[in-house]
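Student: attaching a predicted model along with its sequence, questions to come.
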Amino acid sequence: MSVITKMENKFSSESLDSLDKRRESIDQVVEMMKGYVQIEHSVAVISDLAEKKSYILSGNFRNFFEMDSSEYFTIDSIWEDDIYQRIHPDDLFDRHLLELDFFNFLKTLKPEERLNYTTNCKIRAINSNKEYQHIQHRNFYLKNSSQGGLWLAVCLYNYSYERPESFSGIDGKIINTKTGVFFPVGAYENCIGLLSVREKEILNLISKGVISKEIANKLNISINTVNRHRQNILEKLNVSNSMEAVRTANALQLLK
């Protein structure tokens, strides 16, 4: 019997009801965003953090990304790689830092308050003429999970109507859309306590090229403990390898 089959056999009628409610919520959000992207002529990516799946909806802005004519399709990932590949690498990295800070900021709020906030930034992306052009990107959450965690995230892409010389970098902001209050993000203060003291020790050693076995000997811990910390570091920084972790931690000034 496969693991999936075992898990399916554990579902109670209550959990099945919960799954039905979740699918119903997703359907409602998708229908709502279908209308929104047509009005705003934008591209929206709705990411289901529980199912690791995304729903991509597009208005006329899909022509910027040279998407096909389909106005709605799904991918089995929460990362819109086809769009990421068109974003300038430096801006994609800075956008990652902004969203990491945003995610940790939201964790300090009550679940019902989190949905009032969005990020706003300008990023360079390759247009249909194969040239970099500044576009607007927003990131926000539309639904919490039944356990109170963040669940349905939205990335929204559209044209930027500000002159590039009027701002620096990606001009990242976190905005309360309910009150209009906003603050620029540059110091990434919400990430200050992201890594534990031990995790910082280990990542500092990794940055110097020290391998796991040597780290274990130097810190007098088991190699399994080192590897567990390494995995925790990747998850907290939302990166896929140690080099990315070091770069991200340095940008967040976590290793000083």
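Tutor: Sure, I can see it. Residues are numbered from 1 along each chain as shown.
Student: show me the shaky parts of the stretch 1-150 of the chain.
Tutor: 1-17 (pLDDT under 70).
Student: kindly apply the preceding question to the stretch 151-256 of the chain instead.
Tutor: If you take pLDDT under 70 as the line, the stretch 151-256 of the chain has no such spans.
Student: residue boundaries of the strands in it?
Tutor: Ranges of strands within the stretch 151-256 of the chain are 173-176, 182-184, based on DSSP state E, counting those that start in this stretch.
Student: roughly how far apart are Phe64 and Ser207?
Tutor: Phe64 sits 38 Å away from Ser207 when distances are taken as CB to CB, to the nearest Å. Backbone N, C-alpha and C define where each C-beta goes, glycine included.
Student: looking at the two, which one has more neighbours?
Tutor: Phe64 (23 against 16; other CB atoms under 10 Å).
Student: that one contacts Ile135, correct?
Tutor: Yes. With contact defined as CB atoms under 8 Å, Phe64 counts as touching Ile135 (7.1 Å).
Student: for Asn104, find the nearest of the strands of the stretch 151-256 of the chain.
Tutor: strand 173-176 (11.0 Å; CB to CB).
Student: and the biggest strand by length in the chain, which strands flank it?
Tutor: Looking across the chain with DSSP state E, the single longest strand is strand 132-144. Partner strands for strand 132-144, per DSSP bridges, with pairing direction: strand 117-126 (antiparallel), strand 150-159 (antiparallel).
Student: need the overlap of contacts for Phe64 and Ile135.
Tutor: With contacts taken as CB atoms under 8 Å, 6 or more residues apart in numbering, Phe64 and Ile135 have 125, 157, 159 as neighbours in common.
Student: let's have these in a markdown table, adding neighbour count and distance to Leu100.
Tutor: Compiled in a markdown table, the shared contacts of Phe64 and Ile135 are given as follows (neighbours: other CB atoms under 10 Å; distance: CB to CB, whole Å):
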| residue | neighbour count | distance to Leu100 |
| --- | --- | --- |
| Ala125 | 22 | 20 |
| Tyr157 | 23 | 19 |
| Tyr159 | 14 | 26 |
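Student: from those, pick the one nearest Ser242.
Tutor: Ala125 (28.0 Å).
Student: quick check: bridge partners of that closest one?
Tutor: Ile87, Gln133.
Student: what's near enough to touch it?
Tutor: Contacts of Ala125 (CB under 8 Å, 6+ apart): 64-65, 83, 86-88, 91, 132-133, 135, 157.
Student: which of those lies closest to Asp76?
Tutor: Ile83 (15.7 Å).
Student: report the separation between the closest residue to the closest one other than its chain neighbours and Glu99.
Tutor: Residue nearest to Ile83 in three dimensions, not counting chain neighbours: Phe65, with 6.0 Å by CB to CB, 6 or more residues apart in numbering. Phe65 is 19 Å from Glu99, where distance means CB to CB.
Student: span of stretch 119-139 from start to end?
Tutor: 5 Å (CA to CA, to the nearest Å).
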